[in-house]
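Colleague: Quick one: sequence and predicted model below, then my questions.
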Amino acid sequence: MATTSQVPVEVYLRSEYEPAAEYVDGEILERPMGELDHADWQNAISTWFRNHAQQWNIRVFPELRVQVRPENYRIPDVTVLDRSLPIEQTITRPPLAVFEVLSPEDTVKRLKQKLAEYAKMGIPQIWVVDPDNGSFERYEAGRLNPATRFEQGTIQFDVAGIATLLQASGD
(Lines give C-alpha, C1' and ligand atoms only; values in the text may rest on other atoms or scores of the structure.)
Protein backbone atom coordinates (compact mmCIF):
# COMPACT_ATOMS: atom_id res chain seq x y z
CA MET A 1 0.00 0.00 0.00
CA ALA A 2 1.36 3.36 -0.98
CA THR A 3 1.36 6.43 1.24
CA THR A 4 1.48 10.09 0.37
CA SER A 5 3.43 12.91 1.97
CA GLN A 6 2.14 14.79 5.03
CA VAL A 7 -1.36 16.17 4.53
CA PRO A 8 -3.34 18.39 6.94
CA VAL A 9 -6.27 16.58 8.58
CA GLU A 10 -8.65 19.23 7.22
CA VAL A 11 -7.69 18.29 3.66
CA TYR A 12 -8.27 14.60 4.38
CA LEU A 13 -11.69 15.26 5.90
CA ARG A 14 -12.83 17.38 2.92
CA SER A 15 -11.60 14.91 0.31
CA GLU A 16 -13.02 11.72 -1.11
CA TYR A 17 -10.81 8.74 -1.80
CA GLU A 18 -11.56 5.77 -4.01
CA PRO A 19 -11.09 3.32 -2.47
CA ALA A 20 -11.59 4.80 0.98
CA ALA A 21 -8.31 5.86 2.59
CA GLU A 22 -7.30 6.11 6.23
CA TYR A 23 -5.48 9.03 7.84
CA VAL A 24 -2.71 8.15 10.29
CA ASP A 25 -0.14 10.50 11.75
CA GLY A 26 -0.50 13.02 8.93
CA GLU A 27 -0.35 10.48 6.10
CA ILE A 28 -3.11 9.22 3.87
CA LEU A 29 -2.94 5.43 3.78
CA GLU A 30 -4.52 3.64 0.87
CA ARG A 31 -6.54 0.60 1.84
CA PRO A 32 -6.21 -2.62 -0.13
CA MET A 33 -8.62 -3.03 -3.03
CA GLY A 34 -11.24 -5.59 -2.10
CA GLU A 35 -11.25 -8.98 -3.70
CA LEU A 36 -14.31 -11.18 -4.06
CA ASP A 37 -13.78 -13.24 -0.91
CA HIS A 38 -13.06 -10.07 1.10
CA ALA A 39 -16.25 -8.44 -0.22
CA ASP A 40 -18.27 -11.62 0.45
CA TRP A 41 -17.19 -11.68 4.09
CA GLN A 42 -17.76 -7.96 4.52
CA ASN A 43 -21.25 -8.35 3.08
CA ALA A 44 -22.04 -11.44 5.20
CA ILE A 45 -20.99 -9.71 8.43
CA SER A 46 -22.99 -6.59 7.55
CA THR A 47 -26.03 -8.65 6.57
CA TRP A 48 -25.84 -10.75 9.76
CA PHE A 49 -25.96 -7.66 11.95
CA ARG A 50 -28.56 -5.89 9.78
CA ASN A 51 -30.82 -8.95 10.08
CA HIS A 52 -30.76 -8.39 13.87
CA ALA A 53 -30.55 -4.57 13.88
CA GLN A 54 -33.94 -3.89 15.48
CA GLN A 55 -33.64 -6.74 17.98
CA TRP A 56 -30.18 -5.58 19.10
CA ASN A 57 -30.83 -1.83 18.70
CA ILE A 58 -27.86 -1.31 16.42
CA ARG A 59 -26.80 0.29 13.14
CA VAL A 60 -24.30 -1.40 10.80
CA PHE A 61 -22.07 0.20 8.17
CA PRO A 62 -19.31 -0.99 5.88
CA GLU A 63 -16.25 1.23 5.50
CA LEU A 64 -17.33 4.02 7.84
CA ARG A 65 -14.77 6.60 8.98
CA VAL A 66 -13.96 6.30 12.70
CA GLN A 67 -11.87 8.91 14.51
CA VAL A 68 -9.72 6.71 16.76
CA ARG A 69 -7.48 9.55 17.96
CA PRO A 70 -7.71 13.34 17.54
CA GLU A 71 -5.94 13.24 14.16
CA ASN A 72 -6.15 9.55 13.22
CA TYR A 73 -9.04 8.15 11.23
CA ARG A 74 -9.51 4.45 10.50
CA ILE A 75 -12.04 2.73 8.27
CA PRO A 76 -13.07 -0.69 9.59
CA ASP A 77 -14.49 -3.12 7.06
CA VAL A 78 -17.66 -3.32 9.19
CA THR A 79 -18.70 -1.02 12.07
CA VAL A 80 -21.53 -1.84 14.50
CA LEU A 81 -23.01 1.16 16.34
CA ASP A 82 -25.38 1.51 19.28
CA ARG A 83 -28.58 2.93 17.78
CA SER A 84 -29.29 4.95 20.94
CA LEU A 85 -26.25 7.18 20.34
CA PRO A 86 -26.57 10.34 18.23
CA ILE A 87 -25.91 9.94 14.51
CA GLU A 88 -22.49 11.21 13.44
CA GLN A 89 -21.11 11.53 9.92
CA THR A 90 -17.67 10.57 11.24
CA ILE A 91 -17.77 8.31 14.28
CA THR A 92 -16.17 9.81 17.40
CA ARG A 93 -17.74 7.58 20.07
CA PRO A 94 -16.57 3.97 20.44
CA PRO A 95 -18.61 1.61 18.25
CA LEU A 96 -19.94 -1.60 19.83
CA ALA A 97 -17.82 -3.63 17.42
CA VAL A 98 -15.53 -3.39 14.43
CA PHE A 99 -14.55 -6.13 12.00
CA GLU A 100 -11.46 -6.23 9.81
CA VAL A 101 -11.43 -8.75 6.97
CA LEU A 102 -7.88 -9.64 6.01
CA SER A 103 -6.59 -8.82 2.54
CA PRO A 104 -3.46 -10.29 0.93
CA GLU A 105 -1.76 -6.88 1.24
CA ASP A 106 -2.33 -6.59 5.00
CA THR A 107 0.80 -6.68 7.15
CA VAL A 108 0.87 -7.90 10.75
CA LYS A 109 2.53 -4.68 11.93
CA ARG A 110 -0.04 -2.40 10.30
CA LEU A 111 -2.95 -4.58 11.44
CA LYS A 112 -1.78 -4.65 15.06
CA GLN A 113 -1.31 -0.86 15.06
CA LYS A 114 -4.88 -0.43 13.83
CA LEU A 115 -6.29 -2.93 16.35
CA ALA A 116 -4.42 -1.23 19.20
CA GLU A 117 -5.94 2.12 18.19
CA TYR A 118 -9.42 0.56 18.23
CA ALA A 119 -8.77 -0.81 21.73
CA LYS A 120 -7.41 2.51 23.01
CA MET A 121 -10.55 4.22 21.70
CA GLY A 122 -12.57 1.85 23.90
CA ILE A 123 -14.19 -0.41 21.30
CA PRO A 124 -15.23 -3.53 23.25
CA GLN A 125 -15.47 -5.97 20.32
CA ILE A 126 -12.59 -5.98 17.83
CA TRP A 127 -12.63 -8.85 15.34
CA VAL A 128 -10.40 -10.05 12.52
CA VAL A 129 -11.69 -12.46 9.88
CA ASP A 130 -9.44 -14.50 7.62
CA PRO A 131 -11.36 -15.11 4.38
CA ASP A 132 -8.94 -17.85 3.34
CA ASN A 133 -10.10 -20.22 6.07
CA GLY A 134 -13.15 -18.48 7.58
CA SER A 135 -11.53 -18.12 10.99
CA PHE A 136 -12.47 -15.40 13.47
CA GLU A 137 -10.09 -13.90 16.00
CA ARG A 138 -10.89 -11.40 18.71
CA TYR A 139 -8.42 -8.73 19.75
CA GLU A 140 -8.18 -8.50 23.54
CA ALA A 141 -5.42 -7.28 25.85
CA GLY A 142 -3.08 -6.64 22.93
CA ARG A 143 -3.44 -10.11 21.41
CA LEU A 144 -5.46 -11.85 18.74
CA ASN A 145 -7.15 -14.98 20.05
CA PRO A 146 -9.26 -17.50 18.15
CA ALA A 147 -12.90 -16.94 19.09
CA THR A 148 -16.20 -18.59 18.26
CA ARG A 149 -18.68 -16.52 20.26
CA PHE A 150 -19.65 -12.84 20.10
CA GLU A 151 -20.93 -11.52 23.44
CA GLN A 152 -21.64 -7.85 24.04
CA GLY A 153 -24.49 -7.07 26.39
CA THR A 154 -27.65 -8.61 24.97
CA ILE A 155 -25.94 -9.42 21.65
CA GLN A 156 -24.81 -13.02 21.83
CA PHE A 157 -24.27 -15.54 19.04
CA ASP A 158 -21.82 -18.05 17.59
CA VAL A 159 -19.82 -16.41 14.81
CA ALA A 160 -20.22 -19.60 12.77
CA GLY A 161 -23.68 -18.22 11.96
CA ILE A 162 -22.02 -15.58 9.80
CA ALA A 163 -20.15 -18.26 7.86
CA THR A 164 -23.41 -20.14 7.39
CA LEU A 165 -24.96 -16.99 5.93
CA LEU A 166 -22.02 -16.68 3.55
CA GLN A 167 -22.40 -20.31 2.44
CA ALA A 168 -26.16 -19.88 1.94
CA SER A 169 -25.51 -17.05 -0.50
CA GLY A 170 -23.85 -19.55 -2.83
CA ASP A 171 -20.41 -17.88 -2.89
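Modeller: All right, it came through fine. Numbering: from 1, shown residues only.

Colleague: Select the longest helix from this protein.
Modeller: Counting by DSSP state H, the longest helix found in the chain is helix 36-51.

Colleague: For it, buried residues please.
Modeller: Within helix 36-51, the residues that count as buried by 16 or more other C-beta atoms under 10 Å are 37-38, 40-49. Glycine gets a C-beta too; all of them are placed from N, C-alpha and C.

Colleague: ok, now which ones touch the residue nearest to residue 122 when sequence neighbours are not counted?
Modeller: Distances taken as C-beta to C-beta, 6 or more residues apart in numbering put residue 94 closest to residue 122, at 4.0 Å, once the chain neighbours are dropped. Applying C-beta atoms under 8 Å, 6 or more residues apart in numbering to residue 94 gives the contacts 121-124.

Colleague: ok so, going back, Serialize the buried residues of helix 36-51 to TSV and add fields for pLDDT and distance to residue 89.
Modeller: Shown next, in TSV, are the buried residues of helix 36-51 (pLDDT from 0 to 100; distance: C-beta to C-beta, whole Å):
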residue	pLDDT	distance to residue 89
37	91	30
38	91	25
40	94	28
41	95	26
42	95	21
43	95	23
44	96	26
45	97	22
46	97	19
47	96	23
48	96	25
49	97	20
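
Colleague: Can you tell me which of the residues you listed lies closest to residue 30?
Modeller: The closest of those to residue 30 turns out to be residue 38 (C-beta to C-beta; 14.9 Å).

Colleague: Residue 130 is in contact with the closest one, correct?
Modeller: No - under the criterion of C-beta atoms under 8 Å, residue 38 makes no contact with residue 130, lying 10.4 Å away.

Colleague: shared neighbours, those two?
Modeller: Jointly contacting residue 38 and residue 130 under the rule C-beta under 8 Å, 6+ apart are residue 102.
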